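> 3D model of this:
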Amino acid sequence: MTLPPTHPANNLRVAPRSRIIYMHMVASPNRTMQRVLKFSMVLTSLYVLATFFFGLRAHSLALISEAGHNISDLLAILLSFVAVFFHARPATAQKTFGYQRAGVLAAFVNAVSLVVLSVWIAVEALHRLAAPVAVHPHIMMIVAAAGVLMNGTIATLLWKFARDVNIRGVFLHMLGDTLSTAAVIVGGAAIHFTGFMWIDPVLSLLIAGMILWSSFSIIRETLNILLEGTPRDLELGQIREAMQSIEGVLNVHDLHVWSLGSNSHALASHVTIADMPMSDCGYILEAINRTLRDQFHISHTTIQFETTGCETTHGCSAPPDLTAVGAHGHHHHDHDHGH
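The predicted structure follows:
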């Protein structure tokens, strides 16, 4: 395909025989995010030690639960830091998409660990309800107040990066900790004035429920990415209609949209056009990519042009049988892939 010297596609590498256009995807490191995560790890480590030590002294399951919760937070921050580090590494011949899903995997592991932790806290709280243990509310309130300050600071620092599902997992951890430690303060005051020891395990059950609720949303989103489902904020029907509204496009089928990472999407599709020389259909490919980029924020595309549509079901074509590949292959010499 011949393009003007100033055309933006000239910065792409073209394999002339296969007509496949490659775009190298290189992730840029985010030093600010790494510094925030390092600072968060130091603060969280100190708070874990404090909550566990004073939880034992106060005989408070709520504080010990907070220590366990913050250990999971520490692991979550560590996993996120490792994910950010790998995400910054460039794509290679073996990892052609780079390490964009490292953060998604970290978020999934974090969420699953939180589910396990919440179950443990709930079981221990039920035991405490059956056999109440005397607690020291003053120690509870002092340590929890320090936790509110620490967790609130970390959550504030992470908030501006929360669009990334990896960082959002940590942000929800810290936000949940801020709320749960604030509840511990209220619970300590209630125990001080009423003497009701069952308040401590009830608080633990509430904390466990909050952890479980935040974890399921992360698990659902990360599984959708790992299973290459359609991103939740995109409608396949709207994308197909937008592509078919472009002049020269007769039909769009075998359309697939998935997420490479938490903030980047990819698309592959067959597009039926009129029978014309490949050198004359460059404007169609450019218009498709511009529409996908501007309307749906999809910048990584694979568009396969054809003059006759293949057999499809619900807009998608199933992979052909191996025995049929050789017989079918000669129909696709003029396919065009644009990234």
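> check which element follows the lengthiest strand in the chain along the chain.
The single longest strand within the chain, with elements called by DSSP state E, is strand 249-259. Toward the C-terminal end, the helix or strand that comes next after strand 249-259 (DSSP states H and E) is strand 265-273.
> give the buried residues for the next helix or strand after that following strand.
Where DSSP H and E defines the elements, the next helix or strand beyond strand 265-273 is helix 282-296. Applying a neighbour-count criterion of 16 or more other CB atoms under 10 Å, one finds Gly282, Ile284, Leu285, Glu286, Ala287, Ile288, Asn289, Thr291, Leu292, Phe296 buried in helix 282-296. The C-beta positions use only the backbone N, C-alpha and C, and glycine is treated the same way.
> can you give me the angle the longest strand of the chain makes with strand 265-273?
170 degrees (axes from the mean of the first three to the mean of the last three CA atoms, to 10 degrees).
> can you list the strands that strand 249-259 pairs with?
strand 265-273 (antiparallel) (DSSP bridges).
> what does stretch 292-299 rub up against?
Stretch 292-299 is contacted by residues Leu234, Gln238, Ile239, Ala242, Met243, Val257, Ser264, His265, Ala266, Leu267, Thr301 when judged by CB atoms under 8 Å, 6 or more residues apart in numbering.
> same question for stretch 140-150.
Outside stretch 140-150, the residues touching it (CB under 8 Å, 6+ apart) are 43-44, 46-47, 50-51, 54-55, 58, 60, 62-63, 66, 70, 177-178, 181-182, 184-185, 187-189, 191-192, 200.
> and the buried ones among those residues, selectable in ChimeraX?
Only the buried members of these end up in this ChimeraX selection, burial being decided by 16+ other CB under 10 Å:
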select :43,44,47,50,51,54,55,58,60,62,63,66,70,177,178,181,182,184,185,187,188,191,200
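> restricted to helices, list the contacts of stretch 140-150.
Of those, the ones assigned to helices by DSSP state H are 43-44, 46-47, 50-51, 54-55, 58, 62-63, 66, 70, 177-178, 181-182, 184-185, 187-189, 191-192, 200.
> go through stretch 248-258 and flag the buried ones.
Buried residues in stretch 248-258, defined by neighbour count with 16+ other CB under 10 Å: Gly248, Val249, Asn251, Val252, His253, Asp254, Leu255, Val257, Trp258.
> burial check on Gln94, number of neighbours?
When neighbours are defined as other CB atoms under 10 Å, Gln94 has 5 of them.
> am I right that it sits in a strand?
No: applying DSSP: H, G, I helix; E, B strand; the rest coil, one finds Gln94 to be coil, outside a strand.
> phi, psi for it please.
For Gln94, the backbone dihedrals (degrees, to the nearest 10) come out as phi -90, psi -30.
> pLDDT below threshold where in the stretch 51-200 of the chain?
69, 86-88, 96, 162-166, 169 (pLDDT under 70).
> again, but for the stretch 201-339 of the chain
Those would be 262-263, 308-339, if you go by pLDDT under 70 across the stretch 201-339 of the chain.
> mind listing the helices in the stretch 1-150 of the chain by residue range?
31-58, 61-87, 102-130, 137-159 (DSSP state H, counting those that start in this stretch).
> make JSON lines out of those and add distance to Ile273.
Below are the helices of the stretch 1-150 of the chain laid out as JSON lines (distance: least, CB to CB, whole Å):
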{"stretch": "helix 31-58", "distance to Ile273": "43"}
{"stretch": "helix 61-87", "distance to Ile273": "37"}
{"stretch": "helix 102-130", "distance to Ile273": "35"}
{"stretch": "helix 137-159", "distance to Ile273": "46"}
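> relative to Leu226, which of those helices is closest?
helix 102-130 (6.3 Å; CB to CB).
> tell me what angle the closest one forms with helix 61-87.
Going by the same axes, to 10 degrees, helix 102-130 makes 170 degrees with helix 61-87.
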